[in-house]
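Engineer: Build me a structure from this.
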Amino acid sequence: MKKMIWTLALFSTMSCHTSNETFNANLALDYCAHQVERALEALKDSTGTIDYTIAPRNILENDTAWNCRNACPQEWCSGFWPGILWMTYSYTQNEDIRQKAKSYTEALGVLTTQPVFDHDLGFLTLSSYVKGYEATDNPMYKEQALRAADSLATLYNSKAGTILSWPRHVKDYGGHNTIMDNMMNLELLFWAAQNGGSQQLKEIATRHAETTMQYQFRKDGGCYHVAVYDSISGAFLKGVTHQGLADSSLWSRGQSWAIYGYTMVYRYTHEQRFLDFAQKVTDLYLKRLHETSNDWVPIWDMDDPNKMQAPKDASAASVVASALLELCQYVDAPKKKVYYSAAENMLRNLSSMRYQSRQSNVAFLMHSTGHYPAGTEIDASIIYADYYYLEALLRYSGSLHP
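Structural biologist: As a prediction, the model looks like this:
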């Protein structure tokens, strides 16, 4: 009964936030920790046991608990749940959560013992083994992450200057394909080069970032989801979409990957060109956001003709909020104020009754869009939205650097 009363009080307090109040990140973090405990309880079977080989992916309409999928190289979201647990542990120091983070992470060991499946190996190991290493200094976690970085680097095509994203789709696209999501996975290579891996990993990541900057963006800073290069000569062939509305539209999550990705690249390289470009892609996103959304959470694609009636994507807002809290540390005072304020407003919106799941289900957030053209995960709770929301909250509170 006490737990129920506390829960109702927490939800009631959070719903009273207005734009005139200072955003209370600790209250939002307490909410996330509570939702994690609810989710872990729901993940137990009838005997009270958790199967650590399956990982949360989404919660669809009318569901209340996570739909899970086998943790495997083909399931790119498998690392986000252990990452959420590691971050929750860093905030709460709850030993039970640490043990469960450990079990979920170690269930992913198979990822680094077989040939790389695709670029998502970065997502899978950054959020699990790297987060785990940061929390525990376990040398086995570092070894796994370094092995994963070497494996990811085997997808690099020196002629094209980028990492192949989807080996299984080379014929479908007519060449070496690189998707914007891959900017996020470069962090594994940068991290590895900084933590005992080959310096060539940093060179590969830097070249990928500069090639992508040259070919995978339009003049205004909007990105193509997929860049296709000739597999032999490396020549750029075309920019197309896979999950956006159209080849030339501004797919919100794709642009969020670009904002986060180039901010991260600057962190590791300190090259001004990457900082300038991070600001360019951010400024376009913020401009279009204000033109197409009634709050700080974007519609799934900013060129959707349904405009403000189109489905929202809380996952894109979470990624951008986290990125801006880092980016604002690298820019001059006027820009810093703009980016910090934008991130704060994004977190305030995401932490409102409109977007938090609260008692509806065990996730943190609702109203994300996964793959609109395919008709999947539309207006859903999705695990990576929760991951980047929690990361953003920790950055805002000052307990996660950078």
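Engineer: Would you map the strands across the stretch 1-150 of the chain?
Structural biologist: For the stretch 1-150 of the chain, strands defined by DSSP state E, counting those that start in this stretch occupy the ranges 54-59, 67-70.
Engineer: tell me the most buried of the ones you listed?
Structural biologist: Burial of those is given as mean neighbour count (mean count of other CB atoms under 10 Å); strand 54-59 ranks first at a mean of 24. Using the backbone N, CA and C atoms, a C-beta is placed for each residue, glycine as well.
Engineer: now for that strand, which elements pack on it?
Structural biologist: Secondary structure elements in contact with strand 54-59, counted by 3 or more CB pairs under 8 Å, 6 or more residues apart in numbering; DSSP states H and E, are strand 67-70, helix 80-92, strand 376-382, helix 383-397.
Engineer: try 6 Å
Structural biologist: Applying 3 or more CB pairs under 6 Å, 6 or more residues apart in numbering; DSSP states H and E, one finds that strand 54-59 contacts strand 67-70, strand 376-382.
Engineer: Of those, which is nearest residue 56?
Structural biologist: Nearest to residue 56 among the helices and strands packed on strand 54-59 is strand 67-70 (5.5 Å), distances taken as CB to CB.
Engineer: strand partners of that closest one, parallel vs antiparallel please.
Structural biologist: Using DSSP bridges, strand 67-70 pairs in its sheet with strand 54-59 (antiparallel).
Engineer: gap between the strand it pairs with and the chain center?
Structural biologist: Per CA atoms, centre = their mean, to the nearest Å, the displacement of strand 54-59 from the mean C-alpha position of its chain is 15 Å.
Engineer: outside of stretch 208-223, which residues touch it?
Structural biologist: Contacts with stretch 208-223, where a contact means CB atoms under 6 Å, 6 or more residues apart in numbering, come from 161-163, 180, 186, 224, 227, 236, 250, 254-255, 258, 265, 277, 280-281, 284.
Engineer: ok so, going back, distance to residue 157 and mean pLDDT for the strands of the stretch 1-150 of the chain - can I get that in TSV?
Structural biologist: As requested, the strands of the stretch 1-150 of the chain are arranged in TSV below (distance: least, CB to CB, whole Å; pLDDT from 0 to 100):
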stretch	distance to residue 157	mean pLDDT
strand 54-59	30	98
strand 67-70	29	97
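Engineer: Make a markdown table out of the helices and strands packed on strand 54-59 and add distance to residue 204.
Structural biologist: Rendered in a markdown table, the data for the helices and strands packed on strand 54-59 read as follows (distance: least, CB to CB, whole Å):
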| stretch | distance to residue 204 |
| --- | --- |
| strand 67-70 | 30 |
| strand 376-382 | 29 |
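Engineer: Out of those strands, flag the one nearest residue 325.
Structural biologist: Shortest distance between residue 325 and the helices and strands packed on strand 54-59, using CB to CB, is found for strand 376-382: 20.8 Å.
Engineer: Which positions within the closest one qualify as buried?
Structural biologist: For strand 376-382, the buried set under the neighbour-count rule, 16 or more other CB atoms under 10 Å, comprises 377-382.
Engineer: swap in stretch 359-373?
Structural biologist: Of the residues in stretch 359-373, 361-370, 372 count as buried by neighbour count, 16+ other CB under 10 Å.
Engineer: what's the span of it from first residue to last?
Structural biologist: Start and end residues of stretch 359-373 are separated by 30 Å (CA to CA, to the nearest Å).
Engineer: and what of stretch 172-190?
Structural biologist: Stretch 172-190 end-to-end distance (CA to CA) = 30 Å.
Engineer: what's the answer for stretch 145-165, then?
Structural biologist: Between the opening and closing residues of stretch 145-165 there is a gap of 19 Å (CA to CA).
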